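**Q** pasting the structure only:
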């Protein structure tokens, strides 16, 4: 949805940085394309809204997980699971920021410093980081989630297909809700 406006005249796409990829035109000082407003739209819609959503959803996940740990009489296994999930959530948020904060910051800097020259490498690095974001989620899940890693290994033919031969152990945690009678 955010990629459509340049196709219909609100800003445009041009080669960016070292000319190895295309991106929104935030370099042109001509107001013909309304580049500034499009960059602000992208910052809000493609960075601020997703970041806020990520923080909200992961916060709710951690709060729910903490309540489940309390309901399980704080066993060592549930506390360990909570620590692992918390670590993964923090890494996911940091990964998002590493990929998108440089790109969003650079876009705002260019728009707010029209006409100032800069080294093209400073445009290429944030662009490459943002495009590499499609890779970091699966890597984080593979590194920090045993079930995901096991399924992934099985999917690419490197894991055992039968439950008897699998070295992955499964455990079930039941959570009961306590409410007013």
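**A** Noted; the coordinates are in hand. As the structure is a computational prediction, the values presented were derived from the model and not from experiment.

**Q** what helix or strand is the residue nearest the centre of the chain on?
**A** Most central residue of the chain, judged by C-alpha distance to the mean C-alpha position with C-alpha atoms, centre = their mean, is residue 96 at 3.8 Å. Counting by DSSP states H and E, the element that carries residue 96 is helix 76-112.

**Q** beyond that helix, next helix or strand please.
**A** helix 121-131.

**Q** separation between residue 134 and residue 25?
**A** Noted for residue 134: a distance of 23 Å to residue 25, by C-beta to C-beta, to the nearest Å. For every residue, glycine as well, the C-beta is placed using N, CA and C.

**Q** with neighbour numbers in mind, choose between the two.
**A** Of the pair residue 134 and residue 25, residue 25 is the one with more neighbours under other C-beta atoms under 10 Å, namely 18 against 9.

**Q** from what I can see that one touches residue 36, true?
**A** No. The pair residue 25 and residue 36 fails to qualify as a contact (C-beta atoms under 8 Å) at a distance of 10.6 Å.

**Q** okay, and for this structure, where does confidence drop off?
**A** Counting by pLDDT under 70, the chain contains low-confidence residues at 33, 73-74, 160-181.

**Q** mind listing what's buried along the helix holding residue 96?
**A** Neighbour-count burial for helix 76-112, counted by 16 or more other C-beta atoms under 10 Å, picks out 78, 81-82, 85, 88-89, 92, 95-96, 99-100, 102-104, 106-108, 110-111.
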